[in-house]
Structures are given as C-alpha cells and as structure tokens.
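Novice: model the structure of this input:
(2 chains, ligands or ions: 2)
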Amino acid sequence: MSELKIENLHVSVEGKEILKGVNLVIKKGEIHALMGPNGSGKSTLSFALMGHPKYEITGGKVTLDGKNLFEMEVDERAKAGLFLSFQYPSEIPGVSLANFLRTAYNEVKYPDSEKKVNIVDFMKLLYGKMELLKMDKEFAKRHLNVGFSGGEKKRTEILQLAVLEPKFAILDETDSGLDVDALRVVAAGVKKLVGPHLGVLVITHYQRILHHIKPHFVHILVDGKIVKSGDYRLAEDVEKSGYEIYEKEKVAA
Amino acid sequence: MKGKSTEGKRTEALSIFQKLPMPSPKEESWKYTDVRDLNLQEFGPAAQKIEFPGLSDELKEKGVIFTDIKTAVEKHKELMEDHEPLSLISPEEDKFTAMHGAFWNDGVFIYVPRNVSLKMPLRNIFRGSGSGGVFSHTLIILEEGAGIDYIEEHYSEKFEGVCLRNDAVEIFAGPNSRITFHNFQKWEDNVMNFTYWKARLAKDARVNWILGQFGGKFSRVKIDSFFDGPGSESKNLGVFYGSGEQHFDFTTNVHHLVPNTTADILMKGVLDGKASSVYRGKIKIAKIAQGTNSYLSDHSLILSNGAVSHSIPSLEIDANDVKASHGATLGKPDEEEIFYLMSRGLRRKEAERQIILGYFSPVTDNIMFDDLREKFNEALHDKVRG
Ligand SMILES: Nc1ncnc2c1ncn2[C@@H]1O[C@H](COP(=O)(O)OP(=O)(O)OP(=O)(O)O)[C@@H](O)[C@H]1O
Ligand SMILES: [Mg+2]
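Specialist: Ligands and ions are numbered 1, 2, ... in the order given. I've put the predicted structure just below:
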C-alpha cells in the first residue's frame, strides 16, 4: 500500500526549532486535513517535505513508499510522486504556463529517458484539465503566475496537480483567496483526483473547503506538534471554539 | 574622408593604425579590457567563408542589391556616392578601427531602393576557419521608404590558434526607412572580436539592433546611432551569456541631434564561471533636441562567485524638454523561484535554464523569425552548465 509516513519530524528555520516531533501517516486514497493557528508550523511542514533548502531537518524520518525522502533532491521528490500546492506560488516572468508544464510533465513522467510527450498530445491533455477546472485557455500562454490574481494562482496550482498526477499532494491554504464558485470547482477537481491514486494533506483555516472535500481525518497542529487528531467533527469544533483549548492542553502537557 | 579613393583611404588608415599606440586600461573605454598583450602583427589574413543566399528575380528587378562588398565597390560605385565604405566610420576612432580601415578585405553590401520593402530577411552566415585576422565590412544603404530585416550569423570552426575579427558595419537609413539588424554569434573560444557598428538615421527612419552574443574568447561590440532627422527611432536589444573565462565588452551610444527622436536600449547578460563583462551606455541629447525620449536599461544575472559585471551609464543632456532614464540591475537567480520550479520535477539546471529563458525573453520576444529565435534559445540551452 502506497503511503507517506512522517515519524517524529523535527525542523528548524534559521536556528529556531519550528516542528517539534510531528507524526503522521497518509495512505493512498485518504484525505487528511491539517489545521492550526498562524505560525504553528503548517507551511514549515510542507516546505520541509518538499525539500526547501532553508528548512533544516534536525530529527526524524519521512518515507514515501518506503523510500527516504531526505535522501532525494527537490526534483527527485517530485518524480517520486510528491506535490506541493504553494501558499504563495512564485511568479516566473517570460516562461509560459504551457511550456513550463510540458517540461515538468516530461521530467516527471519520463525521468530517465529521452522520451518526450508530443506537443499536440500535451496540449490536448492540458486543455482537458483546464476545462475540468473551468480555466480560460488563454492562461496556457500567459507567463507562469505573473500578474495572476490570488485565486488564479491557486487554480493554476491545482491545474499543475491535475497534469502531473502525483501520488501525494499537500495543499497549503489552496482555499484562501478563492471565491465561492472557484472553491467549488477546485474542490470538485481535487475530489476527482483522489480515490485510488492520490493521497492528500489539506492545510486550511476554514471548514468551507473541508465541507466540499470531506476529509477522512483532521489534525490540529499547535506549536510544532500535532496535539489532536480526529474525524471531520474536529474541524467543526475548531470553527466553533478556536484553538485556545488545545493551546492550554499543550501547556498542561 | 569624403572624396578620397578607396585606396587613398586605406593608406591613410594604415598610417593612423601605425601611429596610434595600443589602447591602455588608463583610457576610460578600455578600463576593463586589457589588450596590451595582444600583438597585432601576428594576425595576417585568415580564411573565412561568407555564405550568400541568392536574391529572387523579383527583388533583383526592383533594384535590390545584395552582394559581397568587393564586387560592389567595383560595380556599384554610382550607388555609393557619399556612402562608400568608411565614410561613416573614421579610422581616427581608435587603433582597431584604423586597423579595420587599413585591412578590410571582404564583407557585404546591401542596397534597397526607394519604397522597396522586403518581407523575408536577408541573411549571411560568416564562418571563420583558421587563425589570423578577419576584416569584414558591411555597408547597408536604405533609400527613402525602404525596409529590410538583416541577419548575420557568426560561427568558427575548431582550429588551433586565435582568429582576430575586426569588423565594421555602416548603415545609412534614408527618410522613413526601416531596418532590423540581427547579430548572432556562437564562436568557438578561438575568436577575439572587435566590432564597430554605426548608423545614421534620416527623418522618421527606424534602425533596430538585436544582438545575441554567446561565443568567443572575447568580444567587444560598439554601437553608435546618430539621429539626424526628426521622428527617427532606434532600439538596441541585446543578450549575452558568458561562461568559463569569456569576456564581453559592449558600448551603445545614442546621439540625439534633432528634436523628437526616440531610443530604447535593453541589454541582458548572464555570467557564469569566471566570465566578465562591461557595458557602457551613453545617451547624448543636443541642446536643440527637444522632445527626445531615451531609455537605457541593463541587467546582469550572475550565476557564480567568480563572475563579474560592470555597468557604466552616462547621460549628457543639454535640452530641457526630454524624457531620459537609466536603470541597471545586478543579481543572482531567485532561490525561491528555483525551488518552485524544482518542486515540479525540473532538475536544478533545467530550472535555471527556464529562469534565464524568461529573463532573456524581453529581448528574444522581439525576434520575428522563429528559426533565429530558436537559435538564441538553443545557444542559451547549450550554455547552461550540466
Ligand atoms: N523562511 C523563514 N524564515 C524565518 N522564519 C520562518 C521561515 N519560515 C517559517 N518561519 C517561522 O516559522 C514559524 C512557522 O511558520 P509557518 O509558515 O510554518 O506557519 P503556518 O502554520 O504555516 O502559519 P500560517 O497559518 O500563517 O500560514 C513562524 O514563526 C515563522 O515566522
Ligand atoms: Mg502557512
């Protein structure tokens, strides 16, 4: 069974410990939600998993289908099937979305060969996915994220997810910035992708997206540790009463 | 030098060449390019081939001439009148220009008659094939309302020793004429290049220079554009990519001599390894040249700790009702951008390549010919390490 397994993960940024022993197992086909106050370390977790050079792993282990993630370069993690939808995606001037995604597609699908997807076939695939996400075809020509609105950037992240078909995806606040209709479209898109092939970690502050996506598990991250895990109802509790009780629990512990 | 015979000019250039000392790094325009160790006596004539595609019958009938310069000097004297070789560029300019004036021995002549506008570009491929000196002279005369795109591609074969190129380009752009001059060079590291380009623009003329410099051990290109007629415009758009120990030395001077002329200059360089570059950009606006628009911007992307780049802008503005600006940037590729691209499966080199491709695009997007744009992109592709 395909799984992403995080064991006792410790991560520091610029000498300061942010993650203080995170444990989490995501299996193929599962949707997990991760909630927690600002600054609790949610994005740190996603960057550390993807391999951002600023995030130093000071302890613990993460495996993807049994392979040690920390022995891989960033691109190798992508090729192994990990995907991160960024909270704040970079803008890359002069590089069109279509050309870039085709390059990425070739790297991910045919990592060790000269084989390349035919341009016409790729455009068909891309336009198909764009339709699924109700994106205007014009976006294919535009420079990657340059001048995109907040919501357009998020939708483009999910488009990349749909094209690259990873095994595990982390969606870091993909919902923030999306309007009501966009949220429904993106959530429906994600739901279509989950199932037998994809496991997802949805990082969010709001129940709204969870309402659409219906996670199997909800985890609460406070001060670098998962302090509580539960089912969907946990998200409803958070919405009602905030994180205060968990922060207290942590202090007491 | 008007009125003198071609041979007379040659003799005069030779005596100037012999008289002038080698440029010294004490001179401002040679500060970052030290040529004192170069022994110019060593560069006897070297072999090069210039590929000339034929001209269609239609264009011949219209009076377009596209031929080698030696033939032109013999056969088309009447077209040259005040425009014979070296009537724009003076051998007094510096030692290398004088050397060119004394030794130029091949090159290109283009003449486009009144109101003839070419859809397809004229193109020459220059192939250096041995060590020594190469002195090519390109002369382009555009009559009123004429329009062309010209492409020169430069390559060198692999050979022992060094080829010193010392070329000159002169463009006479008549009223309301239009030319885009494209230069693309991908020499082996056996070439040292000194090139001087100069254009005079009559009323409403447009002269655009697009350059892509990738190869050579060393390459110096100096471009002077003189706005003689109101309403004339020029763009200088350049990309260069230095690696290993390559050195580039570029100068663009725009001379706004009359009212209402426009210059737009954009230079974008990448430097890797121990490569170095210097860029000098001068905007000169005469007192009567009111309504001038002149913009200069140069950028360097530095990929390694050993690479250096110098930018020396200067603005000499004597008119008061003008718009002129200068902007320069110097930096490394953004690590967040690289991380973002790598997170999508691109190897680090590929991520850098994409970023540079994007960085060059404000220049390369102006190339209207797909095959040429592709050559720029391929040259860049080959230069990114690994
Ligand atoms: N690159 C960085 N440089 C300095 N500090 C950082 C960096 N990244 C994270 N931190 C710090 O680590 C802590 C956790 O940040 P992180 O972005 O992981 O929080 P988060 O849970 O994602 O918050 P939010 O809900 O606001 O997105 C914060 O105190 C933050 O300031
Ligand atoms: Mg965050």
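Novice: what sits against the residue of the stretch 201-350 of chain B found nearest ligand 1?
Specialist: Proximity of the stretch 201-350 of chain B to ligand 1 (CB to the nearest ligand atom) peaks at B:Glu336, 9.6 Å away. The way it works is simple: take the backbone N, C-alpha and C, and place the C-beta from them, glycine included. Counting by CB atoms under 8 Å, 6 or more residues apart in numbering or on different chains, B:Glu336 makes contact with A:Ser90.
Novice: likewise B:Val278?
Specialist: B:Val278 sits next to B:31-33, B:248-250, B:309-312 when contact means CB under 8 Å, 6+ apart.
Novice: one more time with 7 Å
Specialist: B:32-33, B:249, B:310, B:312 (CB atoms under 7 Å, 6 or more residues apart in numbering or on different chains).
Novice: for B:Gly231, same thing?
Specialist: Applying CB under 7 Å, 6+ apart, the residues near B:Gly231 are B:203-204, B:260-261.
Novice: what's the single longest helix in chain B?
Specialist: The longest helix of chain B (DSSP state H) is helix B:348-364.
Novice: and it, average pLDDT?
Specialist: The average pLDDT for helix B:348-364 rounds to 95.
Novice: ok, residue 31 - how many residues close by?
Specialist: This is for chain A. Neighbours of A:Ile31 under the rule other CB atoms under 10 Å in any protein chain shown: 21.
Novice: the intended chain is chain B.
Specialist: By other CB under 10 Å, 16 other residues sit near B:Lys31.
Novice: wait, it sits on B:Asp249?
Specialist: No - B:Lys31 is not in contact with B:Asp249 according to CB atoms under 7 Å; the separation is 9.9 Å.
Novice: which helix or which strand is home to B:Val239?
Specialist: Assigned by DSSP states H and E, B:Val239 belongs to strand B:233-242.
Novice: does any bit of that strand sit next to chain A?
Specialist: No - using CB under 7 Å from any CB of the partner chain, strand B:233-242 never reaches chain A; the gap is at least 11.7 Å.
Novice: in the sheet, which strands lie alongside that strand, parallel or antiparallel?
Specialist: As defined by DSSP bridges, the strand partners of strand B:233-242 come to strand B:206-213 (parallel), strand B:262-271 (parallel).
Novice: avg pLDDT for the very next helix or strand once past the longest one?
Specialist: Moving toward the C-terminus from strand B:262-271, the next helix or strand (DSSP H and E) is strand B:276-285. Here the mean pLDDT over strand B:276-285 is 97, rounded to a whole number.
Novice: taking strand B:233-242 as reference, get the angle to strand B:276-285.
Specialist: Relative orientation of strand B:276-285 versus strand B:233-242 (axes from the mean of the first three to the mean of the last three CA atoms, to 10 degrees): 170 degrees.
Novice: partners of strand B:276-285, with directions?
Specialist: strand B:247-256 (parallel), strand B:308-317 (parallel).
Novice: quick one, what contacts B:Ser234?
Specialist: With CB under 7 Å, 6+ apart, B:Ser234 has these contacts: B:201, B:207-208, B:225, B:254, B:263.
Novice: so it bridges to which residues?
Specialist: Under the criterion used (DSSP bridges), B:Ser234 bridges to B:Val207, B:Ala263.
Novice: go on, the one 5 residues further on?
Specialist: Counting by DSSP bridges, B:Val239 is bridged to B:Gly212, B:Lys268.
Novice: isn't it right up against B:Phe360?
Specialist: Yes - between B:Val239 and B:Phe360 there is a contact at 4.8 Å, judged by CB under 7 Å.
Novice: pull up the overlap in contacts between those two.
Specialist: With CB under 7 Å, 6+ apart, B:Val239 and B:Phe360 have common neighbours B:Lys268.
Novice: what sits against the nearest residue to B:Phe96 once chain neighbours are set aside?
Specialist: Nearest non-adjacent residue to B:Phe96, counting by CB to CB, 6 or more residues apart in numbering or on different chains: B:Phe194, 4.4 Å away. By CB under 7 Å, 6+ apart, the residues touching B:Phe194 are B:96, B:165-166, B:220.
Novice: just want the most central residue of chain B.
Specialist: Closest residue to the average C-alpha location of chain B: B:Val221 at 5.4 Å, with CA atoms, centre = their mean.
Novice: wait, isn't that one in contact with B:Gln185?
Specialist: No - look at B:Val221 against B:Gln185 with CB under 7 Å: they stay out of range, at 9.2 Å.
Novice: quick check on the contacts of B:Phe194: which are buried?
Specialist: The neighbour-count criterion (16 or more other CB atoms under 10 Å in any protein chain shown) marks B:96, B:165-166, B:220 among these as buried.
Novice: and the helices in the chain, which stretches?
Specialist: Since you didn't name a chain, this refers to chain A. Using DSSP H, helices in chain A cover A:42-50, A:74-80, A:97-109, A:119-132, A:150-164, A:180-193, A:207-213, A:232-241, A:244-252.
Novice: wrong chain, I was asking about chain B
Specialist: Going by DSSP H, chain B shows helices at B:6-19, B:57-62, B:69-75, B:77-80, B:95-103, B:335-342, B:348-364, B:370-383.
Novice: right, and those - which one's nearest A:Met135?
Specialist: Of all the helices of chain B, helix B:335-342 sits nearest to A:Met135, with 19.3 Å by CB to CB.
Novice: next, the angle from the closest one to helix A:97-109.
Specialist: Using the same axes, to 10 degrees: helix B:335-342 against helix A:97-109 is 60 degrees.
Novice: quick check: mean pLDDT of helix B:335-342?
Specialist: On average, helix B:335-342 scores 97.
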